[in-house]
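Visitor: Predicted model, plus sequence, below.
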Amino acid sequence: MIPAERQQFIRAALDAKGMVSFADIAEQLGVSHMTARRDMQELEKQGYVTLVSGGAQKVERIAAEPSHAEKRRLQYLEKTAIAQKAVSLITPGAAVYFDAGTTCLAIAEAVARRNDLRDSILVVTNDFTVSTHLMLHTNCRLYHTGGEVLRSNQSCVGETTASMISRLNLDLAFLSTSSWNADWISTPTESKIAVKIAAVRASRRALLVSDSTKYGKLGFFNIIKLQELDGIITDTGLPQSAQEQLVRSGINLMLVEPQAGL
């Protein structure tokens, strides 16, 4: 059986089960464990699978993002741990961009609890919930980008938003996403692309802040390659194979351990 036929078999198995192991595929195809791994690695390059410990899972394509209210309830402990690490990287007096999303809101909440930051930093955000929280609980200098309002995400998007950000000189940008893999941050929403790219270009350092459940998911639009960022803060739920791949590619991977009671 040639590689293309083996890969077609693997895709069919993934369509049926969602996840397969190297050992099962090797046995079913009568090939070595290494051959099965190579076939799945090729499928990963094609964007069809994400490698996990011992095998691969089918990439989940994101047609639309959950609402802000839905996202607020998900992965609370992971977002809190990510926020604690993120806020430790902010220095007093810094100019910081907070992207839209509940992970960045968790970072804003952590800022409000820090006496050395809540009155000293300058914050720019396109997120209404972030700006409202900081407005009510801090005395930091605060800018909202403006732009077209995306009601479901309680934020602004589009070229007007991106234009405002592009005129700034920022020290640090925290980027959120609904989907990412070993190569790209992606999105199902075209109007978010220019905003995130502008934030990266306007900042001396740009970090992805995203919990591990979003890894391996794929939006229709690629935004920016991970190698163009200065690091990723995510939780230890990220598959070991993904951790190793990201580190091998030279990405500054910062892992946090979610803890009950935070």
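Guide: Nice, I can see it. Residues are numbered from 1 along each chain as shown.
Visitor: Could you point out the helix or strand that follows the helix or strand containing Asp39?
Guide: Secondary structure assignment for Asp39, by DSSP states H and E: helix 33-45. Next helix or strand after helix 33-45 toward the C-terminus (DSSP H and E): strand 49-52.
Visitor: which residues touch the helix holding Asp39?
Guide: With contacts defined as C-beta atoms under 8 Å, 6 or more residues apart in numbering, helix 33-45 is touched by 3, 6-7, 10-11, 22-23, 25-26, 29, 49-51, 55-56, 182. C-betas here are computed from N, CA, C, even on glycine.
Visitor: same deal with stretch 113-128?
Guide: Taking C-beta under 8 Å, 6+ apart as the rule, stretch 113-128 contacts 87, 90, 92-101, 104-105, 108, 111-112, 130-131, 134, 137-145, 147, 153-157, 161, 165, 168, 170, 195.
Visitor: are any of those buried, and which?
Guide: Burial by neighbour count, judged by 16 or more other C-beta atoms under 10 Å, picks out 87, 90, 94-101, 104-105, 108, 111-112, 130-131, 134, 138, 140, 142-145, 147, 153-157, 161, 165, 168, 170, 195 from the contacts of stretch 113-128.
Visitor: Helices - which of the residues you listed land there?
Guide: Val87, Cys104, Leu105, Ala108, Val111, Ala112, Val130, Ser131, Leu134, Thr161, Ile165, Val195 (DSSP state H).
Visitor: check contacts around the fifth one.
Guide: Taking C-beta under 8 Å, 6+ apart as the contact definition, Val111 lies against Val87, Ile90, Leu117, Arg118, Ile121, Val123, Leu134, Thr138, Cys140.
Visitor: okay, those residues in JSON lines with pLDDT and distance to Leu255 next?
Guide: Putting the contacts of Val111 into JSON lines (pLDDT from 0 to 100; distance: C-beta to C-beta, whole Å) gives the following:
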{"residue": "Val87", "pLDDT": "98", "distance to Leu255": "16"}
{"residue": "Ile90", "pLDDT": "98", "distance to Leu255": "19"}
{"residue": "Leu117", "pLDDT": "97", "distance to Leu255": "23"}
{"residue": "Arg118", "pLDDT": "92", "distance to Leu255": "27"}
{"residue": "Ile121", "pLDDT": "98", "distance to Leu255": "25"}
{"residue": "Val123", "pLDDT": "98", "distance to Leu255": "26"}
{"residue": "Leu134", "pLDDT": "98", "distance to Leu255": "27"}
{"residue": "Thr138", "pLDDT": "97", "distance to Leu255": "28"}
{"residue": "Cys140", "pLDDT": "97", "distance to Leu255": "28"}
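Visitor: what's the following helix or strand after whichever strand or helix holds Ala13?
Guide: Assigned by DSSP H and E, Ala13 belongs to helix 3-17. Once the chain leaves helix 3-17, the next helix or strand it forms, by DSSP H and E, is strand 19-21.
Visitor: what lines up beside that next one in the sheet?
Guide: Looking at strand 19-21 with DSSP bridges, its partner strands are strand 55-58 (antiparallel).
Visitor: Please identify the pairing partners of whichever helix or strand comes after the partner strand and their relative orientation?
Guide: Note on strand 55-58: by DSSP H and E, the next helix or strand toward the C-terminus is strand 60-62. Its sheet considered, strand 60-62 pairs with strand 217-219 (parallel) by DSSP bridges.
Visitor: Please tell me how far the partner strand is from the chain's geometric centre.
Guide: 10 Å (C-alpha atoms, centre = their mean, to the nearest Å).
Visitor: try stretch 151-160
Guide: Using C-alpha atoms, centre = their mean, the offset of stretch 151-160 from its chain centre is 18 Å.
Visitor: Check stretch 232-240 too.
Guide: Per C-alpha atoms, centre = their mean, the centroid offset for stretch 232-240 relative to its chain is 10 Å.
Visitor: what's the straight distance from one end of that stretch to the other?
Guide: 15 Å (C-alpha to C-alpha, to the nearest Å).
Visitor: Now that stretch: buried residues?
Guide: Ile232, Ile233, Thr234, Asp235, Leu238, Pro239.
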